[in-house]
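A.B. asks: Attaching a predicted model along with its sequence, questions to come.
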Amino acid sequence: MLVKVFGSAVFGVEATTVTVEVNIDKGVGYHLVGLPDNAIKESSYRIAAALKNNGYQLPGKKITINMAPADLRKEGSAYDLTLAVGILAASNQIKADEVDQYMIMGELSLDGSLQPIKGALSIAIKAKEEGFKGFFLPKQNVKEAAIVSGLNVYGVENVLEVIGFFEGKQELEPTVIDTREEFYKALDFPEYDFADVKGQESIKRCMEIAAAGGHNIILIGPPGSGKTMLAKRLPSILPPMTMKEALETTKIHSVAGKIKDVGLMNQRPFRSPHHSASAAALVGGGSYPQPGEISLAHNGVLFLDELPEFKREVLEVMRQPLEDREVTISRAKFSITYPSSIMLVASMNPSPGGYFNDPDAPVSSSPAEMHRYLSKISGPLLDRIDIHIEVTPVPFEKLTETRPAESSLSIRKRVTKAREKQSQRFAHLEGIHYNAQMNTKQIREFCALDETSLQLLKTAMERLNLSARAYDRILKVARTIADLEQTETVNSGHIAEAIQYRSLDRDGWLG
């Protein structure tokens with residue numbers, strides 16, 4: 001008897017429906033075709049044990065299974081449940097009337113219980129698009145899949161529950177998630193708050209500007225000056241994610257298998273890879289490419305602590321994703337594109353010893369050593385970072401101050417207001433939502449300068465020997481400063497402040 005059941009393969013953040021055709025005929029043997037990988041080939045042992053331990057069995061006949069489309073490589077253990085249900089239906093051990101109306105995915109344990117899978121949200125979206133009645137998957141993944149409305153999502157713990165459902169012996173209730181409630185939960189209670197940071201008012205101002213315009217920022221300062229502490233608090237002042245951003249972010253984390261018993265992600269991601277990370281770990285890779293840190297930080301913050309300690313070739317692979325806001329990973333037969341619209345926050349010491357050229361510092365470094373240390377970061381990468389700011393240690397008086405600092409919530413209100421202004425400005429432009437995303441044409445349109453501002457910028461360009469890209473960055477940051485002040489035009493005050501935030505372009509800043 002021939003039976004068709006349906007599973008799904010995930011490539012990038014999109015799912016493709018896989019038709020599993022199970023045919024049982026006279027003879028002996030188990031033949032699995034359709035480019036399965038080793039994990040799928042081994043499934044026969046898991047399925048045989050799981051069925052036997054639950055009162056069913058693999059039929060002692062010739063079993064031929066085709067996973068169509070046959071030229072698309074399938075990987076992973078998530079097809080165990082699909083194959084098991086197909087075999088039971090084809091061997092008349094369960095009713096086969098409705099199995100082709102449901103998407104079925106899950107990894108089987110030997111006792112018949114189910115292990116979580118990757119990409120449940122992408123699969124659920126595809127199942128709804130293709131008109132499936134429902135989706136059976138492990139209970140651990142049910143919350144992320146239930147985000148998709150209009151599809152019955154059944155979280156199951158054991159293969160017996162699925163068998164009982166098709167046999168009509170067991171009623172299963174579909175999981176329903178209120179996405180609005182999930183989305184707004186815990187928005188106003190950040191784990192890290194700027195109220196905890198003593199002093200550093202000028203750096204907080206930089207962080208506010210960076211958050212308001214989505215600008216990349218680098219913090220340069222000695223150990224203990226608060227660089228990491230400030231960076232960790234940046235997500236708390238970013239505007240709340242839109243529903244579209246939340247879905248995009250959840251989809252990427254679902255594909256990477258980073259979501260465990262969580263529905264919609266409502267907090268912007270904060271990723272902080274160690275400096276020993278490889279290029280593939282950062283931008284994604286593998287024979288069937290998985291998202292890297294830069295994509296897992298999509299719509300959030302990627303924090304690179306101790307930037308010069310990263311390998312130079314690792315940092316260089318970030319240049320194109322920072323510019324294009326997406327990562328394309330190419331292989332011989334296909335290519336996969338992951339979104340990577342991030343805010344890059346980097347921190348670094350000004351020298352190998354960690355301190356400025358100060359004779360009183362515990363460890364001093366010569367200007368030549370500092371220059372050699374800084375040269376590990378290429379000019380093109382620094383050009384893609386809008387704001388460079390020096391962080392100085394907090395004086396004792398500020399550390400012992402009892403007056404509470406401004407909270408993240410009050411800073412976020414100003415940031416959100418500035419972002420709303422930008423959203424209105426770019427409403428007619430596709431793919432542009434905030435100032436950092438502007439291209440050269442939009443910069444000329446929205447950052448028009450008067451004569452005084454032009455002269456000021458010209459002087460700065462000549463003295464600091466800035467590149468054309470740095471010129472654009474200054475205009476973008478100035479536009480954000482104007483938006484925070486809710487003014488329509490960019491004036492010389494905004495330009496002057498934006499120029500201050502190009503520390504690494506200044507001659508002699510080392511000494």
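C.D. replies: That came through, no problem.
A.B. asks: Excluding sequence neighbours, find me the nearest residue to I474.
C.D. replies: Of all residues not flanking I474 in the chain, A498 sits nearest, at 4.7 Å (C-beta to C-beta, 6 or more residues apart in numbering). Every C-beta, even on glycine, is put in place using the N, C-alpha and C of the backbone.
A.B. asks: How about the contacts made by that neighbour?
C.D. replies: I474, L475, V477, A478, I481 (C-beta atoms under 8 Å, 6 or more residues apart in numbering).
A.B. asks: quick one: what helix or strand has the first one in it?
C.D. replies: When you say that, I think you mean I474. helix 468-484 (DSSP states H and E).
A.B. asks: Quick check: the most centrally placed residue in the chain vs M265, distance?
C.D. replies: Of all residues in the chain, the one closest to the mean position by C-alpha atoms, centre = their mean is L296, 2.4 Å from it. From L296 across to M265, the span is 11 Å (C-beta to C-beta, to the nearest Å).
A.B. asks: Then G112?
C.D. replies: Taking C-beta to C-beta, one finds G112 at 31 Å from M265.
A.B. asks: do M103 as well
C.D. replies: According to C-beta to C-beta, M103 stands 22 Å off from M265.
A.B. asks: these two touch, right, the residue nearest to the centre of the chain and A256?
C.D. replies: Yes - in this structure, L296 is within contact of A256 by C-beta atoms under 8 Å, at 6.2 Å.
A.B. asks: hang on, the earlier thing: how far is the helix holding I474 from where the chain is centred?
C.D. replies: The chain centroid and the centroid of helix 468-484 are separated by 26 Å under C-alpha atoms, centre = their mean, to the nearest Å.
A.B. asks: ok, and for the helix or strand just after it, which residues are buried?
C.D. replies: Using DSSP H and E, the helix or strand that follows helix 468-484 towards the C-terminus is helix 492-500. Judged by neighbour count (16 or more other C-beta atoms under 10 Å), helix 492-500 contains these buried residues: S492, G493, H494, I495, E497, A498, I499, Q500.
A.B. asks: Same question for stretch 128-147.
C.D. replies: 128, 132, 134-147.
A.B. asks: In strands, which of the residues you listed fall?
C.D. replies: Using DSSP state E, the subset of these located in strands is G134, F135, F136, L137, P138.
A.B. asks: any idea how far V176 is from the residue lying closest to the first one once chain neighbours are set aside?
C.D. replies: Which is G134. Of all residues not flanking G134 in the chain, N152 sits nearest, at 3.6 Å (C-beta to C-beta, 6+ apart). As judged by C-beta to C-beta, N152 and V176 stand 9 Å apart.
A.B. asks: More neighbours: the two, which one.
C.D. replies: The neighbour comparison of N152 against V176 (other C-beta atoms under 10 Å) goes to N152, with 17 against 9.
A.B. asks: what's the pLDDT at that one?
C.D. replies: Model confidence at N152, given as pLDDT, is 95.
A.B. asks: Contact partners for it?
C.D. replies: Taking C-beta under 8 Å, 6+ apart, one finds K133, G134, F135, P174 in contact with N152.
A.B. asks: so can I have CSV of these showing distance to Q422 and pLDDT?
C.D. replies: Output for those, formatted as CSV (distance: C-beta to C-beta, whole Å; pLDDT from 0 to 100):
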residue, distance to Q422, pLDDT
K133, 43, 94
G134, 41, 95
F135, 38, 97
P174, 40, 92
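A.B. asks: Tell me the one of the residues you listed nearest H31?
C.D. replies: Checking the contacts of N152 against H31 by C-beta to C-beta gives F135 as the nearest, at 27.8 Å.
A.B. asks: Could you give the bridge partners of that closest one?
C.D. replies: M103, V153 (DSSP bridges).
A.B. asks: That one against A145, yeah?
C.D. replies: Yes - counting by C-beta under 8 Å, F135 does reach A145; the two are 6.1 Å apart.
A.B. asks: Overlap of the contact sets of these two?
C.D. replies: Joint contacts of F135 and A145 (C-beta under 8 Å, 6+ apart) are I123, A124, V153.
A.B. asks: What is the neighbour count of G214?
C.D. replies: The number of residues near G214, taken as other C-beta under 10 Å, comes to 22.
A.B. asks: Let me see the contact set for L137.
C.D. replies: So L137 contacts I104, M105, G106, L114, I117, A120, I123, A145, V153, Y154, G155, V156 (C-beta under 8 Å, 6+ apart).
A.B. asks: can we see that at 7 Å?
C.D. replies: L137 makes contacts with M105, G106, I117, A120, A145, G155, as judged by C-beta atoms under 7 Å, 6 or more residues apart in numbering.
A.B. asks: could I get the residues you listed as CSV with pLDDT, distance to A84 and secondary structure?
C.D. replies: CSV is the format used below for the contacts of L137 (pLDDT from 0 to 100; distance: C-beta to C-beta, whole Å; DSSP: H, G, I helix; E, B strand; the rest coil):
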residue, pLDDT, distance to A84, secondary structure
M105, 97, 11, coil
G106, 96, 9, coil
I117, 94, 14, coil
A120, 93, 18, helix
A145, 92, 19, helix
G155, 95, 17, strand
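A.B. asks: Looking at those, state which has the most neighbours.
C.D. replies: In terms of neighbours by other C-beta under 10 Å, the contacts of L137 top out with A120 at 35 neighbours.
A.B. asks: Direction included, what does the longest strand seen in the chain pair against?
C.D. replies: Taking DSSP E as the criterion, the chain has its longest strand at strand 14-25. In the sheet containing strand 14-25, its partner strands are strand 2-11 (antiparallel), strand 62-68 (antiparallel), by DSSP bridges.
A.B. asks: who touches the first one?
C.D. replies: If you take C-beta under 7 Å, 6+ apart as the criterion, strand 2-11 is touched by 15-23, 72, 74, 79, 82, 85-86, 89-90, 96, 99-100, 103-105, 118-119, 122-123, 126, 255, 336.
A.B. asks: and if we set it to 8 Å?
C.D. replies: 15-23, 67, 72, 74-75, 78-79, 82, 85-86, 89-90, 96, 99-100, 102-105, 118-119, 122-123, 126-127, 132, 255, 288, 334, 336.
A.B. asks: Same question for stretch 434-450.
C.D. replies: Residues contacting stretch 434-450 (C-beta under 8 Å, 6+ apart): 212-216, 325, 341, 343, 386, 419, 422-423, 425-426, 429, 431-432, 457, 472, 475-480, 483, 489-492, 495.
A.B. asks: With stretch 59-75 instead?
C.D. replies: 7, 9, 16, 18-37, 39-40, 79, 83, 86-87, 90-91, 93, 288.
A.B. asks: 6 Å instead?
C.D. replies: Applying C-beta atoms under 6 Å, 6 or more residues apart in numbering, the contact partners of stretch 59-75 are 9, 18-25, 27, 29-37, 40, 91, 288.
A.B. asks: Alpha carbons of it, in PDB - could you do that?
C.D. replies: Taking Å, rounded to 0.1, in the frame of the first residue of the first chain, the C-alpha atoms of stretch 59-75 are listed here in PDB:
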ATOM      1  CA  PRO A  59       6.300  -4.700   9.000                       C
ATOM      2  CA  GLY A  60       8.500  -7.600   7.900                       C
ATOM      3  CA  LYS A  61       8.000  -6.700   4.200                       C
ATOM      4  CA  LYS A  62       9.800  -4.600   1.600                       C
ATOM      5  CA  ILE A  63       9.500  -0.900   2.700                       C
ATOM      6  CA  THR A  64      10.400   1.700   0.100                       C
ATOM      7  CA  ILE A  65      10.400   5.400   1.300                       C
ATOM      8  CA  ASN A  66      10.900   8.300  -1.100                       C
ATOM      9  CA  MET A  67      11.500  11.800   0.200                       C
ATOM     10  CA  ALA A  68      10.400  14.200  -2.600                       C
ATOM     11  CA  PRO A  69      11.600  16.400  -4.200                       C
ATOM     12  CA  ALA A  70      14.300  13.700  -4.600                       C
ATOM     13  CA  ASP A  71      17.000  16.100  -5.700                       C
ATOM     14  CA  LEU A  72      16.800  18.200  -2.500                       C
ATOM     15  CA  ARG A  73      19.100  17.100   0.300                       C
ATOM     16  CA  LYS A  74      17.300  16.400   3.600                       C
ATOM     17  CA  GLU A  75      19.100  16.500   6.900                       C
END
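A.B. asks: Perfect, that will be all.
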